[in-house]
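[1] mind folding the following:
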Amino acid sequence: MKKLIKATVIAIFMAMAVIMVGSGKAEAASTYKIKVNKQCCVVTVYKYNGKKYKAIKAFVCSPGYATPTGKFKLGEKMIWHTLDGPSYGQYCCRITGSILFHSVWYYEQKKNTQSYAQYNKLGTKASHGCVRLTVGDAKWIHDKMPSGTPIVIYNSAKPGPLGKPAAIKVKGYKGWDPTDPDSKNPYKKKKPKIKGVKSKTIEYGSSFSVKKGVTATNTTGFDATKKIKTKIYFRESSLVDYEKVKKVDTSVPGKYKVVYSVKDEIGHKAKKTAYYTIKPGKYVKKITLNETEKTLYVGGAKKLSKFTLKASSIVPSDASIKKLAFSSAATKICTVSEKGVVQALKPGSVYITVRATDGSDVSARCLIHVEQLVKTVTVTAPADTIEVGKKMQLKVKIKPSTATNKEVSYKSSDKTIATVSKSGSVKGIAPGEVTITVKSKDKNKTIGTIVITVVEAVTEPEQTDPKTDETTDSGTSESGTDQGETPSGDQTVSPASVADADSRVYGVF
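    The predicted structure follows:
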């Protein structure tokens, strides 16, 4: 009895473990869900995003009248498997019992023996109960979908959220599946073909359709004309870039670039491009500009560094295309916008060319001179004072050193105190203080100043003879006697006597 109870407990434990493991697998597998719409012959794969299942892929398929409906789980997987006939299928995944997902069957277990008659039935009910797919789609389910993935087979007139993909057709009796990713598959080197695409000139104002006369075939050689898509671009001349437009308008002269593309049922692509030129009814013959020569300035007010160049007249006045293109011969000196706004950047001279965009090649030019303005004027002098009647030369430093016009003017705030010459020489006139202003002669009129003080002239100091304590003039005493002589009646005083005399007056310390 104890052994029986123990065995029962173990059995229950193992069963619960199996249920828990199975539950875990089911939970992991439920990341995806496969739905087969038997009525519309469509397989749709869904992925759970944490909130709901969202359709991510759709495949065309061939179920059969015997295909069961209901809920199943993806089971055993096989790369090749023997089918009825016998025949053979690639990338087989069991749905239930003998019902499988698999490729369209092959006569032999060889990739170049697929039945093309059955392949061309994809999208219709054609199987004995299995769900047939292209090799590419069967492999995707085989490789991507884990065993245990839920499967729902149902009937509905609505194919599904992603619709029903088109199935490509093949020619012949048997061969490779066009979707097989095998590197030896000859279809991997094939792609759709587009015919009838040719560049040409179209008459102004005529009727024109971009798809007229253009045809296409898919990878397997079947008509794919309806799959042709176009993108249309336009530019008025080679001087401007292409811009995307909706149609070729023959009343708008210029060049149209039309890109034709085809993507067939198995994702293979082809592309071709044609250029259609619309010549204008009337070409431009002459352009007259509002300026033919202009000077701009950098380093000053913004308005001095730019202006708008435009046509004052275009001949004939009813030219088909009046749009003009602007270009600068040296963009480092100045640039020009599409609307003719010329912007000066650095000193120099450059031509701005204005050209007609109608293909006539008519143009006109404007010569632009760019000058560097003075930003600072610094004034220095040898000294901050000057004597009446004296002169001194001022020094002026201009920045930047690349300034085009370095000439300056000088002005004294008070000519009665000091004057200044055209070359910057200051002369003292009378004692006082004066401001000398130095101004650049360019458009900026930049100012620098310096303050100068004018003082009285300094005279030579009088000399005193130490022997006589008398003032002399040019070595001659006021008495007229020669220096060193003792005047009549006077007594020479020795230094000792002077010292004694001082001691008598002041005492000895």
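[2] Val135 contacts Tyr91, correct?
    Yes: under the criterion of Cβ atoms under 8 Å, Val135 lies in contact with Tyr91, with a separation of 6.7 Å. The way it works is simple: take the backbone N, C-alpha and C, and place the C-beta from them, glycine included.
[3] which parts of this protein are helices?
    Read by DSSP state H, the chain holds these helices, from start to end of the chain: 2-29, 116-119, 135-144, 495-506.
[4] thinking again about what came up before, find the residues that touch each one of Val135 and Tyr91.
    Between them, Val135 and Tyr91 share the neighbouring residues Ser103, with contact defined by Cβ atoms under 8 Å, 6 or more residues apart in numbering.
[5] on that earlier part again, lowest average pLDDT across the helices of the chain?
    When the helices of the chain are compared on mean pLDDT, helix 495-506 scores lowest, with a mean of 37.
[6] my guess is Trp80 meets Tyr88, correct?
    Yes: taking Cβ under 8 Å as the definition, Trp80 is a contact partner of Tyr88 at 6.0 Å.
[7] between those two, who's got more neighbours?
    Set Trp80 next to Tyr88 and count neighbours by other Cβ atoms under 10 Å: Tyr88 wins out with 20 against 14.
[8] partner residues bridging Lys195?
    For Lys195, the residues forming beta bridges with it (DSSP bridges) are Thr215.
[9] so which helix or strand of this structure has the lowest pLDDT on average?
    Of the helices and strands making up the chain, the lowest-confidence element is helix 495-506, at a mean of 37, by mean pLDDT, DSSP states H and E.
[10] surely Pro431 touches Ala457?
    No: between Pro431 and Ala457 no contact is recorded; they are 9.8 Å apart, counting by Cβ under 8 Å.
[11] anything in contact with each of these two?
    Contact with both Pro431 and Ala457 is made by residues Val388, according to Cβ under 8 Å, 6+ apart.
[12] neighbour-wise, which of the two wins?
    Taking Pro431 and Ala457 together and counting by other Cβ under 10 Å, Pro431 has the greater number of neighbours (13 against 10).
[13] tell me the pLDDT of the more buried one.
    So, for Pro431, pLDDT stands at 96.
[14] for the most centrally placed residue in the chain, what are its contacts?
    The geometric centre of the chain, computed from its C-alpha atoms, lies nearest to Asp241 (Cα atoms, centre = their mean), at 15.2 Å. By Cβ under 8 Å, 6+ apart, the contact set of Asp241 is Arg235.
[15] so it versus Asp249, what's the distance?
    18 Å (Cβ to Cβ, to the nearest Å).
[16] for Thr459, same thing?
    As judged by Cβ to Cβ, Thr459 and Asp249 stand 97 Å apart.
[17] so the two - more neighbours on which side?
    Taking Thr459 and Asp249 together and counting by other Cβ under 10 Å, Asp249 has the greater number of neighbours (15 against 6).
[18] ranges for the strands of the stretch 101-250 of the chain?
    With DSSP state E, counting those that start in this stretch as the criterion, the stretch 101-250 of the chain has strands at 114-115, 131-133, 150-154, 174-175, 193-195, 200-202, 215-217, 229-235, 243-245.
[19] the first one packs against which elements?
    This means strand 114-115. Contact partners of strand 114-115 among helices and strands, from 3 or more Cβ pairs under 8 Å, 6 or more residues apart in numbering; DSSP states H and E: strand 174-175.
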